[in-house]
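Novice: coords please:
(one chain, ligands or ions: 2)
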Amino acid sequence: MESRIADKKIDFNISIDPPSLELTADPGLVEQVLINLLLNALQAVENLSNPQINMTGSMDDRGRILIQVMDNGPGILEEVQEKIFIPFFTTKKEGSGIGLSLSRQIMRLHRGSINVQSKPGETVFSLRF
Ligand SMILES: Nc1ncnc2c1ncn2[C@@H]1O[C@H](COP(=O)(O)OP(=O)(O)OP(=O)(O)O)[C@@H](O)[C@H]1O
Ligand SMILES: [Mg+2]
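Specialist: Ligands and ions are numbered 1, 2, ... in the order given. A predicted model of the protein is given here:
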């Protein structure tokens, strides 16, 4: 995804703390989740003059691996946030509404979770393993 992000002049940062952080998971499936989240983030910052996307890997306060994808796009209305993980729910003209429902399935297969926190200018998707 890095070249696609670079093409669009997006301020993109990845940080992993601690750097030794390791996740035992299905790499192909987790990659699918990260691609879905990054595609959504790319679409969310599309028309911004200062587009920003960040990815972080860390450990939460209960010792679980936490991966977060953040963008500074318009955000998701609270009443919409409840629906975004439902299969085929989309607000996009050419969207299929598959990305997040598939991501939630994949997280369930890992006995993990996916959550969103969003307000205008800051949307954060959190994966916990
Ligand atoms: N980062 C985000 N910022 C704003 N809205 C988002 C973001 N991520 C998801 N959404 C909202 O959640 C909806 C569902 O996302 P999902 O990825 O499942 O489907 P989609 O992106 O519409 O279509 P697809 O991923 O199948 O191409 C989106 O249509 C959009 O309304
Ligand atoms: Mg999507």
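
Novice: Give me the residues contacting whichever strand or helix holds Leu29.
Specialist: Remark: Leu29 resides in helix 27-44, with elements defined by DSSP states H and E. Under the contact criterion C-beta atoms under 8 Å, 6 or more residues apart in numbering, helix 27-44 has outside partners 1, 4-5, 8, 10, 23, 53, 55, 67, 69-71, 73-74, 92, 99-100, 102-103, 106-107, 109-110, 114, 123, 125, 127. (Glycine included, C-beta is placed from N, CA and C.)

Novice: hmm, 7 Å instead?
Specialist: Here helix 27-44 makes contact (C-beta atoms under 7 Å, 6 or more residues apart in numbering) with 1, 4-5, 53, 69, 71, 73-74, 99-100, 102-103, 106-107, 109, 123, 125, 127.

Novice: tell me, which of the residues you listed make contact with ligand 2?
Specialist: Gly99 (C-beta under 5 Å from the ion).
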